[in-house]
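Student: What would the 3D arrangement of this be:
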Amino acid sequence: MSAATLSAVVMGMPASIQIPGLREGETRLHSTARIFPDDWNNFIDNLKNDFNLAGYVISKIKGCNVKDVDSQVKLEIDRWVKFHYPGYFRTLQGLFELKEEYTKGSSDVIDLIQVIAPLLEENDLPAIPHQRLELNLIPLDNGMQELDLNQIKPLVKGKYLWCVSGGSRFSILTGMILKEMIIEMDNYARIVQFFDGRTSVLYRTSALTEMLMEFGSIPKDHDEIAKYLSFMGFYSRGEKSYSSLCMFEEAYDKN
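Tutor: Prediction:
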C-alpha cells in the first residue's frame with residue numbers, strides 16, 4: 001500500500017460535550033485550574049523550573065493572577081488552558097501528534113497533509129506545535145457549528161476526507177484503526193463512507209465529487225449522505241467491526 005493522502009476537517013463541538021460554565025467572578029483560567037488541580041500544580045512546578053521564576057511570581061500564578069507576568073509565561077499558561085478545555089485546539093493538537101507518530105521511518109504511512117478547521121481562532125495558530133500541516137481556516141456563516149461539505153469539498157486535497165468532531169481525543173489505536181479503514185477502502189472501491197460509531201466519518205473524496213455532479217449539492221447530515229451514496233450504488237460501513245477512531249472528552253463540568 002502506498003502512502004494514503006488524507007485530509008481532515010475538525011467539525012463543531014458535539015452536543016454531548018459539556019463546556020464547563022464559569023462560576024461568578026471566575027476567569028477561564030480559574031475554572032480550568034479548579035477542574036484539573038493536580039495538572040495545574042504540576043504545570044506550575046514545571047513553569048518554575050523552566051523559567052526560574054521567583055517565589056512571589058509563582059504565588060501570583062497559583063492564585064490565577066497573571067497580570068504583569070512575563071509574556072512568554074503567559075503564552076505557556078494560555079496553551080495549558082486551551083489544551084485542557086475541549087475544543088478545536090485540543091483536537092488539532094491530537095491530529096498533529098497522530099501525524100508525528102505515524103510518519104516515523106516507514107513508507108507505509110498515513111500522511112495528514114491538510115487540516116481544515118472551521119471557526120478556529122487566528123490566535124490559536126502560533127501555539128500549535130509541529131506546524132507541518134497546511135491549515136485552512138473556513139469560517140462558517142453565523143458561527144454555525146454543523147459541517148457543510150459543500151464549503152469544504154473544493155479545498156480538500158486528499159484521496160480521503162476524515163471528518164472529526166471538535167473535542168475528540170486520539171490514541172495510537174486511532175491511527176491503527178484509521179489505517180485499517182483506509183486499507184479496506186483501497187481494496188474495495190465501492191466502499192466510500194466509514195462511520196466509526198462515535199465521533200467521526202471517513203469519506204472517499206471522489207465519491208463526494210460524483211455526488212456533487214449528480215445532485216448539485218451534498219447534504220449536511222452524514223446519514224443523509226449515506227442514503228445518497230447508496231442510491232449511487234456505493235456502500236457505507238458502520239462501526240460493528242471496528243472500535244471508535246476517536247472518543248469524546250470526558251464530561252468537564254465536575255461540580
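Student: okay, residue 163: pLDDT?
Tutor: On the pLDDT scale, residue 163 is placed at 89.
Student: That one contacts residue 201, doesn't it?
Tutor: Yes - with contacts counted by Cβ atoms under 8 Å, residue 163 reaches residue 201, the gap being 4.8 Å. In this view, the C-beta of every residue, glycine as well, is placed from N, C-alpha and C.
Student: which residues do the two both contact?
Tutor: Here residue 163 and residue 201 have residue 222 as joint contacts, going by Cβ atoms under 8 Å, 6 or more residues apart in numbering.
Student: which ones are touching the residue nearest to the spatial centre of the chain?
Tutor: Residue closest to the mean C-alpha point of the chain, counted by Cα atoms, centre = their mean, is residue 91 at 2.7 Å. By Cβ under 8 Å, 6+ apart, residue 91 lies in contact with 10, 164-169.
Student: Serialize those residues to a markdown table and add fields for distance to residue 217, secondary structure and neighbour count.
Tutor: Shown next, in a markdown table, are the contacts of residue 91 (distance: Cβ to Cβ, whole Å; DSSP: H, G, I helix; E, B strand; the rest coil; neighbours: other Cβ atoms under 10 Å):
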| residue | distance to residue 217 | secondary structure | neighbour count |
| --- | --- | --- | --- |
| 10 | 22 | strand | 28 |
| 164 | 22 | strand | 25 |
| 165 | 22 | coil | 25 |
| 166 | 24 | coil | 24 |
| 167 | 28 | coil | 26 |
| 168 | 27 | strand | 26 |
| 169 | 32 | strand | 16 |
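Student: Which single one of those residues is nearest to residue 214?
Tutor: Relative to residue 214, the closest of the contacts of residue 91 is residue 164; by Cβ to Cβ it sits at 26.1 Å.
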